[in-house]
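Participant: Let me see the structure of the following:
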Amino acid sequence: MTPMNDDPENALPSAGPADTTSTSGTGLGGNGAAGSWLIPVLVALIGASMSYLDTSIVNVAVAKIMSVFGTNTSTVEWVVTIYMLVMAVVMPLTGWMGDKLGLKRLYILAMAWFVAGSVLCALSWSINSLIVARALQALGGGMIMPLTMAMVYRMVPRDKIGGAMGILGVAMVVAPAIGPTLGGYLVQYVGWRWIFTINIPFGAIGILLSLFLLPEFQTRDAGSLDFGGLLTAGAGLFCLLLALSKGADWGWGSEATALLFYTSAACLLLFVYLELTAANPLLELRMFRYVVFSLSILLVIIATIGMYAIMYYLPLFLQSIRGLGAMETGMLMMPGALMSGVMMPIVGGLYDRIGPRLLSVAGVLGLFGIIFMFHNLDMSTSTGTIIIWQLLEGVAISMAMMPCSTAALSALPTEMISRGSAMLNILRQVASSFAIAVLTFMLNTRIAVHSQQMVNNFTPWSLALNDFYQKTMTFLGGGAVSEQARILGSAYLEGAVAQAAFIRGIDDVFIMAAVITLFGVIPALFLKRSVQTPGGRAADE
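Facilitator: Numbers count the residues shown, from 1 in each chain. Here you go, the predicted structure:
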């Protein structure tokens, strides 16, 4: 084994003394027996699942909320958008606060804050109060996942980390996928406020179990808070994600969208400068000097784009073209989510045995193949075929996402895990928003191209259409083609063209997403498993 970054000039500055986990009789980090870390990991999974579930469970309730509060679409969309924005803004702060307060304490506080925000959401009396409550809820939700990943890396021996991250992967992949199904059921049969109320009992249980079953983590000398980094990172991420989420509605060339992108670029460039020159940076950007970490992050971004291509555009096809409701769509998406949940721990166990390279390469190639198969999607595609594709996607996603996420944090020294986890989750959030924005832009562009191509092949007054109208009128008992028949036929034709162009556009999106995913093979080929040296540094195996 060759230690990474042995050159003192390239070594990362220490973020404080090496951290140790108080075993408190649990045997964590000791003999590595599964019983010593499995229960704490499952407890931590509660908060992570709740946080990720709320990124998607609200989507199906938008129409109901709009009706209840008598508001418009552009306003009610902020109920979903504000949660994503605030989560991304608060993530950079998680590493510093975890070092300052201790991971367990901050995790419990974040859970309590999330539950309190859920209470306010359930009690909201207007659309504005609901938007504010969602922002408060996201302050806790945004911290939970980075904290969970950091705690797992402190609790679990390195030779068992794959299995633990496989369990944690259930929250990252399955929870968002089942959100629309659960939300659809609650909205339809119970009440829309229950999509928030359901967090209260589970959150209370999670807090109580965390108090008694999570080990204590030592605090660090976190140093002073990097306010410059916090402000520039928060502003840059907020503007970037807002531009990506609203660009399609406002217009990508609009003044508002352009201003957001310019502001984001300026803030993030200033953030990079401040972090590279600060004595105690909020996010240590020099962690990207670890080659395995950088390659893993790149693969996470690529795999996220591929995953969201299916997660976002398959439901769009099912609802817009097949005419399925939110509940039916969610049920059809469920097999793939459940398959991911089954496969994540299995892939985690394989990671501990063979490392990330083979798993990641197989996962990326499998994901490429599945996404490419989706480009054959049309009205004649059977439900059984879609379910089979979903099951295969669940296997591929597990093999593509879990190993690279695990390899990324394993490549960092112990004192960098908290801030590395925050960086990983920030970039995953940006990648998901970027994927939806770019692929949606491509979808709209390709729909316009296909529509124009089909329209150019005929006009409403062509002989072929005239023959169609003539046969229609003859069937109805009429004679010559009337103006009303032409208008009726034109309307029918426009609808058929729009539907066909939409299907072809989505098929093109899947082809583009498949090509992007295939590039993930390059970083996957160079992934290595890292182990921890006695000094808390990472070394390639």
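Participant: from here on, contacts and neighbour counts on C-alpha atoms
Facilitator: Fine.
Participant: Can you say which helix or strand has the residue lying closest to L527 once chain neighbours are set aside in it?
Facilitator: Nearest residue to L527 in three dimensions, chain neighbours excluded: R357, at 5.2 Å (CA to CA, 6 or more residues apart in numbering). Element membership for R357 (DSSP states H and E) is helix 356-373.
Participant: packing partners for the helix or strand just after that helix?
Facilitator: Using DSSP H and E, the helix or strand that follows helix 356-373 towards the C-terminus is helix 383-410. Judged by 3 or more CA pairs under 8 Å, 6 or more residues apart in numbering; DSSP states H and E, helix 383-410 is in contact with helix 161-169, helix 291-320, helix 326-354, helix 356-373, helix 417-456, strand 530-532.
Participant: relative to helix 291-320, how tilted is the helix holding R357?
Facilitator: Helix 356-373 and helix 291-320 are oriented at 20 degrees to each other (axes from the mean of the first three to the mean of the last three CA atoms, to 10 degrees).
Participant: Restricting the selection to alpha carbons, write helix 356-373 to CSV.
Facilitator: Below are the C-alpha coordinates for helix 356-373, written out as CSV (Å, rounded to 0.1, in the frame of the first residue of the first chain):
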residue,chain,number,x,y,z
PRO,A,356,-15.0,-0.1,-6.0
ARG,A,357,-13.5,-0.5,-9.5
LEU,A,358,-15.3,-3.5,-10.9
LEU,A,359,-18.6,-2.6,-9.3
SER,A,360,-18.5,1.0,-10.6
VAL,A,361,-17.5,0.0,-14.1
ALA,A,362,-20.3,-2.7,-14.2
GLY,A,363,-22.8,-0.2,-12.7
VAL,A,364,-22.0,2.6,-15.2
LEU,A,365,-22.1,0.2,-18.2
GLY,A,366,-25.4,-1.3,-16.9
LEU,A,367,-26.9,2.2,-16.3
PHE,A,368,-25.8,3.2,-19.8
GLY,A,369,-27.5,0.2,-21.3
ILE,A,370,-30.8,0.7,-19.3
ILE,A,371,-31.1,4.4,-20.1
PHE,A,372,-30.4,3.6,-23.8
MET,A,373,-33.2,1.0,-23.7
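Participant: quick one on the thing from earlier: pick the most buried one from the helices and strands packed on helix 383-410.
Facilitator: Ranked by mean neighbour count, the helices and strands packed on helix 383-410 are led by helix 161-169 with a mean of 26 (mean count of other CA atoms under 10 Å).
Participant: Show me what that one is packed against.
Facilitator: Here helix 161-169 touches helix 34-53, helix 127-155, helix 326-354, helix 383-410, going by 3+ CA pairs under 8 Å, 6+ apart.
Participant: And the next helix or strand past the shortest one?
Facilitator: Remark: after helix 34-53, the chain's next helix or strand is helix 62-69, criterion DSSP H and E.
Participant: which residues sit against that next one?
Facilitator: N72, T73, V76, E77, S126, I127, V187, W192 (CA atoms under 8 Å, 6 or more residues apart in numbering).
Participant: Centre of the chain to the next helix-or-strand element following that helix, how far?
Facilitator: Under the assignment DSSP H and E, the closest C-terminal helix or strand after helix 62-69 is helix 73-76. Remark: helix 73-76 is offset 22 Å from the chain centroid, using CA atoms, centre = their mean, to the nearest Å.
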